[in-house]
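Visitor: the following block contains a protein sequence and its predicted model.
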Amino acid sequence: MFTFEEHLNNLVRHIQLVHEACLLLGRRLIARGETDFGRLLIAKGFQHDKSKFYGIEWRFLHQGKDTPRPELNRAIQQHIETNDHHPEYWGGIQHMPRMAVAEMVCDWYARSQELGTALRSWITLEAVQKFGIDLKGDQYVWIQDFVSVLLEDPFVRE
């Protein structure tokens, strides 16, 4: 388990990365004319994961690899059932509104930075199956759009 300072730093780093992603995506959506949506996404970025500072989530999330599995699982369950950027909150990704999908993509983007993984590949290879994403559904279209707005184009060799 992490020390108090390590735990706090880990949690704050994650929240800051999501906040920065919401700012970036929100500003880019505003630039393409979605002013209200972009503004509200930026506002959500200021509130992201605030529940992790309290109760079971504080005690067991972002605590490191030695966290007892049963407690970690209960904390994760608490978190995903009370934060609307998780598909489980809505009873499945197919029920998520566009704003929740946007914040979820920003969360995924932050995790990809923290773990050093490729966001696009993770969505294709893991998220589609994990969340039962319909490749013809609105949520998948929104995910792809937000990822393309959020990420720079890949390096091009000349």
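Guide: Thanks, I have the structure now. Here the structure is a predicted model, which means the values were calculated and not measured. Numbers count the residues shown, from 1 in each chain.
Visitor: isn't Gly64 up against Asn9?
Guide: No. At 11.7 Å, Gly64 does not count as touching Asn9 under the criterion of C-beta atoms under 8 Å. Every C-beta, even on glycine, is put in place using the N, C-alpha and C of the backbone.
Visitor: low-confidence ranges, this protein, go.
Guide: 154-158 (pLDDT under 70).
Visitor: work out which residue lies at the spatial centre of it.
Guide: Asp107 (1.6 Å; C-alpha atoms, centre = their mean).
Visitor: so what's that residue up against?
Guide: Shown in contact with Asp107 (C-beta atoms under 8 Å, 6 or more residues apart in numbering): 18, 21, 48, 85.
Visitor: just give the nearest non-adjacent residue to the third one, would you?
Guide: In space, His48 comes closest to Val18 once its chain neighbours are excluded; the distance is 4.6 Å by C-beta to C-beta, 6 or more residues apart in numbering.
Visitor: what sits against the one you found?
Guide: With C-beta under 8 Å, 6+ apart, Val18 has these contacts: 45, 48-49, 103, 106-107, 109-110.
Visitor: cool, Leu72 as well?
Guide: Contacts of Leu72 by C-beta under 8 Å, 6+ apart are 60-61, 63.
Visitor: are any of the residues you listed buried, and if so which?
Guide: Listed as buried from these are 60-61, 63; burial here means 16 or more other C-beta atoms under 10 Å.
Visitor: helices - which of those residues land there?
Guide: Phe60 (DSSP state H).
Visitor: which SSE is immediately downstream of the helix or strand containing Arg27?
Guide: If you go by DSSP states H and E, Arg27 is part of helix 4-31. Once the chain leaves helix 4-31, the next helix or strand it forms, by DSSP H and E, is helix 35-47.
Visitor: contacts for that next one?
Guide: 18-23, 25-30, 85, 98-99, 102-103, 106.
Visitor: give the ChimeraX command for selecting the buried subset of those.
Guide: To isolate the buried ones among the contacts of helix 35-47 in ChimeraX, judged by 16+ other C-beta under 10 Å, type:
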select :18,19,21,22,23,25,26,29,30,85,102,103,106
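Visitor: tell me the contacts of the residue nearest to Asp66 when sequence neighbours are not counted?
Guide: The spatially closest residue to Asp66, leaving aside those adjacent along the chain, is Met1, at 5.0 Å (C-beta to C-beta, 6+ apart). Contact partners of Met1, counting by C-beta under 8 Å, 6+ apart, are 7, 63-64, 66-67.
Visitor: what is the most widely separated pair among the residues you listed?
Guide: Spatial extent of those (C-beta to C-beta) is set by the pair His7 and Asp66 at 11.8 Å.
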